[in-house]
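In: coords below, sequence missing:
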């Protein structure tokens, strides 16, 4: 079965302090577990970058809910592709804090053109390679 992988960025319209973020993650993890969605959220200074993975209909429905959520603005879809396997299968919603400058790099990275992943894996975009590298760098501090 093919997996839909979607990446977007957004900015908060409300302050997301640690308490609000933990509450959001709890709800997201419960929902994602029942919807067969995995993924990660990178956040910092009111900016977000998120990867969602799962069945196409479930991922699309969730993204549409997120895009219309009034707690976000400047929601920008960076990538939606079919992949043979999940990149973040062990996370119903992993979350790490990163810097505003790193999140801006993700927003402006190349997402359109795939390049072959290192070690002979599937093709991925340079933007997704950057997201994976940031996740790997910070995942020991995941919330």
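Out: Happy to help now that I have it. Treat the numbers as computed from the prediction; the structure is a model and nothing was measured.

In: For residue 72, which non-adjacent residue is closest in space?
Out: Beyond its immediate neighbours in the sequence, the residue positioned closest to residue 72 (CB to CB, 6 or more residues apart in numbering) is residue 10, lying 4.2 Å away. Just so you know, the C-beta spots here come from the backbone N, C-alpha and C atoms, and that holds for glycine as well.

In: what does the host helix or strand of that neighbour contact?
Out: Secondary structure here is read from DSSP states H and E; on that basis residue 10 sits in strand 3-12. The list of residues contacting strand 3-12 from outside it, by CB atoms under 8 Å, 6 or more residues apart in numbering, reads 46-56, 59-60, 63, 66-67, 71-87, 103, 106-107, 111, 127-128, 131.

In: hmm, 7 Å instead?
Out: Residues external to strand 3-12 that are found in contact with it (CB atoms under 7 Å, 6 or more residues apart in numbering): 46-56, 59, 63, 71-83, 85-87, 103, 106-107, 128, 131.

In: now do stretch 14-30
Out: Contacts to stretch 14-30, defined as CB under 7 Å, 6+ apart, come from residues 43, 46, 71, 92-93, 95, 143.

In: switch to 8 Å and redo it
Out: The list of residues contacting stretch 14-30 from outside it, by CB under 8 Å, 6+ apart, reads 41, 43, 46, 71, 92-93, 95, 143.

In: Now do the buried residues in it.
Out: Across stretch 14-30, burial judged by 16 or more other CB atoms under 10 Å covers 16, 21, 24-25, 28-29.

In: max-length strand in this protein?
Out: Identified as the longest strand of the chain according to DSSP state E is strand 72-83.

In: Strand 3-12 and that one, what's the angle between them?
Out: 170 degrees (axes from the mean of the first three to the mean of the last three CA atoms, to 10 degrees).

In: one step back: tell me which two in the contacts of stretch 14-30 are the farthest apart.
Out: 46 and 92 (23.6 Å; CB to CB).

In: which of those two has more neighbours?
Out: More neighbours sit around residue 92 than around the other of residue 46 and residue 92, counting by other CB atoms under 10 Å; the figures are 19 against 15.
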